[in-house]
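Q: only the shape, not the letters, is given here:
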């Protein structure tokens with residue numbers, strides 16, 4: 001993949017203004033994280049429609065380089081056949097947990113050959129602001145609403161009640177690959193596409209509305225072949 005960032009990932013905590021620097025963090029993209037089996041099957045069928053083989057495990061965990069997780073407003077992509085998806089992002093920094101919003105931007109042509117490589121072929125945009133979550137069990141995850149737009153057109157819209165809870169997903173991470181308590185950036189899954197079709201685009205707008213009224217947002221554009 002084209003080198004998309006040279007700076008260490010850093011995010012700002014809303015409210016306190018604290019800066020978090022994720023130097024050497026483990027970065028993962030979790031796939032097939034729907035809480036409802038029918039919803040998971042729907043997403044698997046979406047991928048099957050473009051020739052993607054079904055997953056070996058549900059959910060799946062795909063490691064990506066932390067250096068490709070970026071708050072940049074523009075990112076290069078390897079071809080025109082790429083697209084993003086809004087995702088809540090679970091972050092752990094020095095033992096504290098945070099929530100952000102990001103996009104699992106993916107090379108859709110490569111996805112039919114190797115899903116993991118298709119995710120590593122593109123940068124992973126994330127919003128520059130995060131909120132601290134003291135206790136995932138007390139956080140109203142299900143009431144969070146995620147939306148995305150591609151080139152100004154609404155692309156995804158739904159609540160996180162459709163996804164596995166953070167406690168559940170973090171448990172899967174610990175069971176599958178171990179957990180040393182170090183810094184972590186985990187894209188936690190996405191929502192069904194409103195029209196069921198992956199759509200390439202130039203501008204992606206992401207939004208995660210929290211139960212307390214705060215909103216996490218990010219906008220990025222893509223440049224082909226950069």
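A: Yep, it's here. A quick note: this is a predicted structure, and the numbers were derived from the prediction, not measured.

Q: pLDDT-wise, which helix or strand of the protein ranks last?
A: For the chain, counting by mean pLDDT, DSSP states H and E, helix 37-48 ranks last in confidence among helices and strands (a mean of 79).

Q: next, the buried residues of that one.
A: Across helix 37-48, burial judged by 16 or more other C-beta atoms under 10 Å covers 39-40, 43-44, 47. Just so you know, the C-beta spots here come from the backbone N, C-alpha and C atoms, and that holds for glycine as well.

Q: next one: stretch 22-35
A: Across stretch 22-35, burial judged by 16+ other C-beta under 10 Å covers 22, 25-34.

Q: picking that back up, okay, the buried residues of helix 37-48 in TSV with distance to residue 223 next?
A: Below are the buried residues of helix 37-48 laid out as TSV (distance: C-beta to C-beta, whole Å):
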residue	distance to residue 223
39	33
40	33
43	28
44	31
47	26
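
Q: wait, residue 64 touches residue 118, no?
A: No. Contact criterion C-beta atoms under 8 Å: residue 64 and residue 118 do not qualify, at 10.8 Å.

Q: state the pLDDT value of the nearest residue to residue 86 once chain neighbours are set aside.
A: Nearest residue to residue 86 in three dimensions, chain neighbours excluded: residue 148, at 3.7 Å (C-beta to C-beta, 6 or more residues apart in numbering). The confidence metric pLDDT takes the value 98 at residue 148.

Q: if you count contacts, what does the strand or helix carrying residue 148 end up packed against?
A: Residue 148 is part of strand 145-150 when elements are defined by DSSP states H and E. Here strand 145-150 touches strand 86-93, strand 153-159, strand 203-209, going by 3 or more C-beta pairs under 8 Å, 6 or more residues apart in numbering; DSSP states H and E.

Q: which one of those strands lies closest to residue 216?
A: strand 203-209 (4.3 Å; C-beta to C-beta).

Q: relative to that closest one, what are the paired strands and their orientations?
A: strand 145-150 (antiparallel), strand 215-224 (antiparallel) (DSSP bridges).

Q: the shortest one vs strand 153-159, what angle?
A: With axes from the mean of the first three to the mean of the last three C-alpha atoms, to 10 degrees as the basis, strand 145-150 and strand 153-159 are set at 170 degrees to each other.

Q: now residue 33: closest residue in space that isn't a chain neighbour?
A: residue 189 (3.0 Å).

Q: over to residue 183?
A: For residue 183, the spatially nearest residue (C-beta to C-beta, 6+ apart) is residue 25, at 3.6 Å.

Q: report the contact partners of that neighbour.
A: Neighbour list for residue 25: 9, 66, 93, 182-185 [criterion: C-beta atoms under 8 Å, 6 or more residues apart in numbering].

Q: could you report the pLDDT at it?
A: According to the prediction, residue 25 has pLDDT 93.

Q: was I right about residue 71 contacting residue 127?
A: Yes. Contact criterion C-beta under 8 Å: residue 71 and residue 127 qualify, at 6.9 Å.

Q: which one of those two has more residues nearby?
A: More neighbours surround residue 127 than the other of residue 71 and residue 127, with 22 against 19 (other C-beta atoms under 10 Å).
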